[in-house]
Structure formats: C-alpha cells, structure tokens
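Enquirer: Would you be able to build a 3D model of this:
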Amino acid sequence: MEQRTSYHDTHNRLVTIFLRKLEYYQGILFLTSNRGIQFDDAILSRIHLIIEYENLTREFRRELWSTFLSKACTMQGPAIVEDHELRRLESLDLNGREIKNVAAIAHALAEADVNQVNYKYLKLAAESNKKFSNEFGRERPADGMYV
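Expert: Numbering: from 1, shown residues only. Okay, the predicted model is just below:
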C-alpha cells in the first residue's frame, strides 16, 4: 500500500492490481497497518474511514500478558511468573501481537526444555525479537528487557 516508485516495478504492479480489485469490491474492507508508511495517494482516496488506535496502556498490557500466559501451559504445568516479573513485562512497549508472539516463543522454548514457561524463557524470547527488530531498523519491542 506504500507510495509507488519508479524503482519497485513488482511492488507497483501489486498496488495497481489491488487498486483494480478494490475499485469493484462491493463489501466492507478493513485494512490494518502498524507501520508508519506513506500510503499511495490512489489508495488513500478510496479510504472512507481511518481509525487510529492509541498505544496500549500498562494495565491493558498486563491483562494481555496474563491472558496469554494463562494459556502457556506445558506438560510440566502452568506458566510461573512472579508479580515483579509481570510488572517488568507490562512495562515493555509492545502491542498485542508482539505480546502474543513473545508468549508463544517462550512456550515453545519451555516445551523444548521440558519445563514450565517462566520469566527466563520470556526474557529470551523478547531479547530475540529485539535483536531481530534492531537488525531491520526497528528499535522497540524489548527495550528494558536486558538485565
């Protein structure tokens, strides 16, 4: 959906095809993006309503962590996260998808070690995501996770 350019021929073709399909689409279409990109003018002209969501509050992030961790049970038992660790997790500036992904990675790591999910696995997952994001120029997910 980004602005078309003269040097991204494949991307330009995809945007053109999308616009052609969009022109004749009869229903309601929800486009979501968490990237601060510059939308193509032709796409912007076809958007009727833009809804911007605020960043999650600390309290809501805590609820999300609690929800995803309650589902992160292994054969060895439920996730074990102390209250002070949960406070540290909720302070991370992550969106819901990022929280879900970190919890899922921590769950997979714990299962591979035949262990319960705990802060060690959550920290490892968050740091891994931070490293990946930094390599792609996006410094955000796990700032403050390093001890």
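
Enquirer: Can you pull out the low-pLDDT segments for the protein?
Expert: Residue ranges of the chain with pLDDT under 70: 1-8, 34-37, 137-147.

Enquirer: Tell me the residue in it that is farthest from the middle.
Expert: In the chain, the residue that sits farthest from the middle, by Cα atoms, centre = their mean, is Y24; the gap is 31.1 Å.

Enquirer: Pull out the buried residues from stretch 84-93.
Expert: Going by neighbour count (16 or more other Cβ atoms under 10 Å), the buried part of stretch 84-93 is E85, L86, R88, L89, E90, L92. (C-beta placed from N, C-alpha, C; glycine too.)

Enquirer: hang on, the fourth one packs against L122?
Expert: Read it as L89. Yes - counting by Cβ atoms under 8 Å, L89 does reach L122; the two are 6.5 Å apart.

Enquirer: elements contacting the strand or helix carrying S133?
Expert: In the assignment (DSSP states H and E), S133 maps to helix 119-135. Contact analysis of helix 119-135 by 3 or more Cβ pairs under 8 Å, 6 or more residues apart in numbering; DSSP states H and E lists helix 83-90, helix 96-112 as its packing neighbours.
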